[in-house]
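S.K.: Structure, please.
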Amino acid sequence: MNLLSEFVRDFKEYDTYDEVKEHFELKIPEEFNFPYDVVDRYAKEAPEKRALVWCDDSGEEHVFTFRQISEDSQKAANFLSAHGIKKGDFVMLILRRRYEFWWFILALHRIGAVTVPATDQLLQSDIEYRTDAAPIKMIISYGNPHIQEQIERAMPASPYVKELVTVGPAREGWTEFYREYDALSASFPRPQGEAKVLNDDISLTYFTSGTSGYPKMVQHNFLYPLGHITTAKYWQNVQDDGLHLTVAETGWAKTMWGKLYGQWLCGSAIFVYDLKQFNADALLKKMEHYKVTTFCAPPTVYRFLVRQDLSKYDLSSVSYYVTAGEALNPEVYSIFLKKTGKKIHEGYGQTETPILIANFVGVEPRPGSMGKAAPGFDITISDADGNTVPPGETGEIIIRLAKGKPCGVMKGYYKNDEGTERVFSGGIFHTGDTAHMDEDGYIYYEGRNDDVIKSSGYRISPFEVESILMEHPAVLECAVTGIPDERRGQLIKATIKLSPGYEASPELETDILSYAREHTAMYKVPRKVEFVKELPKTISGKIQREKIREKDLARIKMMKLHANRVV
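M.R.: Numbers count the residues shown, from 1 in each chain. So this is what the prediction gives:
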C-alpha cells in the first residue's frame, strides 16, 4: 500500500522520463498535514506496515510500524503541548539519528509548531547565533554530555529559550522526556479553530550550511512534503514495502529528502543506522544484514566505498543507487560501476527546494552530468538578464515561475526580506549555481557563482578541474580555487588531501600536475598545489572554497606588507 494516487493526479507507473515529465501533476489538498494525512492513514489502513527500521553501533535495534509511529508521535505532541508548545512556536531538535527524532518532528507538525533541526556538531557560538536569530522556545537534545554542555553555555545569550528537554539520562536543569512518556496519551486530535494548521503555515526552518557567510534561515510550509514525491519516486526509485537508506544526520535537509516524507508517501520503510562515526565497512555490513533496497549518499561516502573490496559484501538486495549534496566525480562513478555493475544516479537540489535536476528513472546517466530537469519544474540555464543561454554555454541554474511556484520550493528566508526578494527577483528562482546544458538536455554542474575562476580570459569550472585531479590515485579530496594574479587575473590553485599511503613531496606534486596536463587543457591545469591534512568544510560536510580563498588572500596581503617593510 502507498498513497501516491492520493496526491499525484492520474498516477501511473510510467516507464520513461519523458512520460513522467509530460503527465506529472500533484493534487494539492485544501488542508494537508503530513502526520494526520499520511502516517495516521497508514496506521488505520495498514497498521503493521513497516515504517522505520533502526539500529546503532551497540547492537540495539527496533522495527517501528506505522501504528507505533502514529501513537508515539501523538504522545510526543501531548508532551510538547503540556509544556506550553503551541502553533507557531519554534523548537530546535538535536537528536542525531535517534528514533525519537521522528516522533518529535511529527508531533511538532501535529501542533503546527516550527521544527528547527540542528546537528550535534554545533558549538556554543553556533547555538547562540541560532537561538538569537530565531525565537526558539525549546531545545530537545539526546543524552550527549558534550552537546548538552554546549547548549547550557549558550543559554545566557539565548533570550527566547524557555525550556531544555533531554531524551536520555537525567541532567540538572533539564526536563526528562522519558519520565513522563509512559503516562502520555496516544491520542492528539487534529487542531481546529484558531489552532488549525493551514497549508501555508511554516513547518520547518533550516539554517543553511553556510559555505560562505552566516547561515540563512530557509522556511518551508506544510505542503513541502508533497514536493518530495518526485525526490523519492522518480529519482531515488524507492519501492512500496522496500527499505530505503539515505546517509544523513537529522540536522540536515537531506533527512527530509531521504528519511521521511517522500519515502513514506511511496510506501517504503526507512532504514536508519545511528552510527557515531562513519565507517565504510560497518555501513556495508548493515546494508547487507538488513537488506536495504535503495541507497542514497553524498559523493564523499561513495569515495570511501569504492576503496573497499565490495566483493566481500552481499549487496544484491540494493537495486538502485543515487547521490547528491555535491557534484559526483566521473572517476568515482566509473569505479563504482566497474565494481558493482550498478550506476549511480546523481541529483541536485538545495535546502530551499526538493530535487531539481537528476538522472531520473528512465534517464540514462552520463558521467559528470547531474541529469535533466525535474518533472513539474521549468528549469533553464540563463545569463545575468534571465535569458536562456545556448547549449554548452555556462549560466545560472534558474526556475522560471510564470506558472507559479512549484510545490516544495521554500516560502522564503526568515526575517530576511531582502534575501528573499533577491532569490525570487524577476519571476525567477535563482539558485546561485552555475552549469551548462548539452543538446540533449543533460545539465553539468560547474560551481557557485562566486566559485568560477577567471584566468587569462577563460572561465574555469572548479569542479571540472577537481574531477581530473580526483582520477589520480593519490588524491582523496581536493578543492580548486583562484588566487589573484596581476597578469592572468587569477591563478588556479589545487588544495589536496592525499589518500592513505601517500606523502606530500615535490615529486608527487609534479606527478599529479603531469597527469592533469595529459588529461585536460593547459589553461585548466593548476599553477599552485597545497597539500593539507583536512579541507575546510561546513558542519554538513561541504567543502568551503571561500575559506581557502580567504586564507590565500590574507597570506598575499601579509607577503606584500612584508615586502614593503623590507623596501
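
S.K.: In the stretch 251-400 of the chain, what residue spans correspond to helices?
M.R.: Here the stretch 251-400 of the chain has its helices, by DSSP state H, counting those that start in this stretch, at 254-258, 261-265, 280-290, 299-305, 330-340.

S.K.: looking at these, which has the lowest confidence?
M.R.: The minimum mean pLDDT among the helices of the stretch 251-400 of the chain belongs to helix 299-305 (a mean of 89).

S.K.: In that one, which residues are buried?
M.R.: P299, T300, V301, Y302, R303, L305 (16 or more other Cβ atoms under 10 Å). The way it works is simple: take the backbone N, C-alpha and C, and place the C-beta from them, glycine included.

S.K.: of these, closest to L328?
M.R.: P299 (4.6 Å; Cβ to Cβ).

S.K.: The closest one against G325, yeah?
M.R.: Yes - using Cβ atoms under 8 Å, P299 is in contact with G325, at 6.8 Å.

S.K.: thinking again about what came up before, please convert the buried residues of helix 299-305 to JSON lines, extending it with distance to N416.
M.R.: Shown next, in JSON lines, are the buried residues of helix 299-305 (distance: Cβ to Cβ, whole Å):
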{"residue": "P299", "distance to N416": "30"}
{"residue": "T300", "distance to N416": "29"}
{"residue": "V301", "distance to N416": "32"}
{"residue": "Y302", "distance to N416": "34"}
{"residue": "R303", "distance to N416": "35"}
{"residue": "L305", "distance to N416": "38"}
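
S.K.: Which of those residues sits closest to G427?
M.R.: So of these, ranked by how close each gets to G427 (Cβ to Cβ), first place is P299, at 33.0 Å.

S.K.: Quick check: nearest residue in space to that closest one, chain neighbours excluded?
M.R.: L328 (4.6 Å; Cβ to Cβ, 6 or more residues apart in numbering).

S.K.: Tell me who's in contact with that neighbour.
M.R.: By Cβ atoms under 8 Å, 6 or more residues apart in numbering, L328 lies in contact with P299, Y302, I344, E346, G368.

S.K.: ok, now with 7 Å
M.R.: P299, I344, E346 (Cβ atoms under 7 Å, 6 or more residues apart in numbering).

S.K.: Same check on V525?
M.R.: L513, A516, R517.

S.K.: hmm, try it at 10 Å
M.R.: V465, I468, L469, I492, A494, L513, S514, Y515, A516, R517, E518, H519 (Cβ atoms under 10 Å, 6 or more residues apart in numbering).

S.K.: Generate a ChimeraX selection restricted to the buried subset of these.
M.R.: Buried subset of the contacts of V525, written as a ChimeraX selection, criterion 16+ other Cβ under 10 Å:
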select :465,468,469,492,494,513,515,516
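
S.K.: Next, format the contacts of V525 as JSON lines and append pLDDT and secondary structure.
M.R.: Putting the contacts of V525 into JSON lines (pLDDT from 0 to 100; DSSP: H, G, I helix; E, B strand; the rest coil) gives the following:
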{"residue": "V465", "pLDDT": "87", "secondary structure": "helix"}
{"residue": "I468", "pLDDT": "87", "secondary structure": "helix"}
{"residue": "L469", "pLDDT": "94", "secondary structure": "helix"}
{"residue": "I492", "pLDDT": "93", "secondary structure": "strand"}
{"residue": "A494", "pLDDT": "96", "secondary structure": "strand"}
{"residue": "L513", "pLDDT": "95", "secondary structure": "helix"}
{"residue": "S514", "pLDDT": "94", "secondary structure": "helix"}
{"residue": "Y515", "pLDDT": "93", "secondary structure": "helix"}
{"residue": "A516", "pLDDT": "91", "secondary structure": "helix"}
{"residue": "R517", "pLDDT": "90", "secondary structure": "helix"}
{"residue": "E518", "pLDDT": "88", "secondary structure": "helix"}
{"residue": "H519", "pLDDT": "83", "secondary structure": "helix"}
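
S.K.: quick one: which of the contacts of V525 is nearest K411?
M.R.: V465 (36.8 Å).

S.K.: Excluding chain neighbours, what is closest to that closest one?
M.R.: That would be V480: by Cβ to Cβ, 6+ apart, it lies 4.5 Å from V465.

S.K.: Now tabulate the contacts of L328 in TSV and tack on distance to D433.
M.R.: As requested, those are exported to TSV (distance: Cβ to Cβ, whole Å):
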residue	distance to D433
P299	16
I344	20
E346	14
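
S.K.: now, which of these sits nearest S141?
M.R.: P299 (29.9 Å).

S.K.: Enumerate every residue touching that closest one.
M.R.: Applying Cβ under 10 Å, 6+ apart, we find P299 in contact with 323-329, 332-333, 344, 346, 470, 477.

S.K.: Next one: it from I543, what distance?
M.R.: 11 Å (Cβ to Cβ, to the nearest Å).

S.K.: so what's in contact with the two at the same time?
M.R.: In contact with both P299 and I543: E326, E477, using Cβ under 10 Å, 6+ apart.

S.K.: and the helix or strand hosting A77, what does it pack onto?
M.R.: Taking DSSP states H and E as the definition, A77 sits inside helix 66-82. Applying 3 or more Cβ pairs under 10 Å, 6 or more residues apart in numbering; DSSP states H and E, one finds that helix 66-82 contacts helix 40-45, strand 50-56, strand 61-65, helix 100-111, strand 136-142, strand 163-167, helix 177-181.

S.K.: and the second one with strand 61-65, angle?
M.R.: Using axes from the mean of the first three to the mean of the last three Cα atoms, to 10 degrees, the direction of strand 50-56 lies 170 degrees away from that of strand 61-65.

S.K.: Grab the CA positions of strand 50-56 and hand them over as PDB.
M.R.: Provided in PDB are the C-alpha atoms of strand 50-56 (Å, rounded to 0.1, in the frame of the first residue of the first chain):
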ATOM      1  CA  ARG A  50       7.000  -1.200   8.400                       C
ATOM      2  CA  ALA A  51       7.800   2.500   8.700                       C
ATOM      3  CA  LEU A  52      11.200   2.700  10.400                       C
ATOM      4  CA  VAL A  53      14.000   0.100  10.800                       C
ATOM      5  CA  TRP A  54      16.500   1.500  13.300                       C
ATOM      6  CA  CYS A  55      19.900   0.200  14.600                       C
ATOM      7  CA  ASP A  56      23.100   1.600  16.100                       C
END
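
S.K.: Measure how far it is from the centre of its chain, please.
M.R.: Centroid displacement of strand 50-56 relative to its chain, using Cα atoms, centre = their mean, to the nearest Å, is 20 Å.

S.K.: next one: the fourth one
M.R.: Here helix 100-111 shows a centroid-to-chain-centroid distance of 20 Å under the convention Cα atoms, centre = their mean.

S.K.: let's have the chain start at 39 instead
M.R.: Okay, using 39 as the starting number, the last item reads as helix 138-149.

S.K.: same question for it, mean pLDDT?
M.R.: 98.

S.K.: Keeping just the C-alphas, turn stretch 234-242 into PDB.
M.R.: Output of stretch 234-242 as PDB, limited to C-alpha atoms (Å, rounded to 0.1, in the frame of the first residue of the first chain):
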ATOM      1  CA  LYS A 234      -6.000  24.900  12.900                       C
ATOM      2  CA  VAL A 235      -2.900  24.300  10.800                       C
ATOM      3  CA  LEU A 236      -3.000  25.900   7.300                       C
ATOM      4  CA  ASN A 237      -1.100  24.800   4.200                       C
ATOM      5  CA  ASP A 238       0.900  28.000   4.000                       C
ATOM      6  CA  ASP A 239       1.900  28.000   7.700                       C
ATOM      7  CA  ILE A 240       5.600  27.400   8.400                       C
ATOM      8  CA  SER A 241       6.500  23.900   9.400                       C
ATOM      9  CA  LEU A 242      10.300  23.800   9.100                       C
END
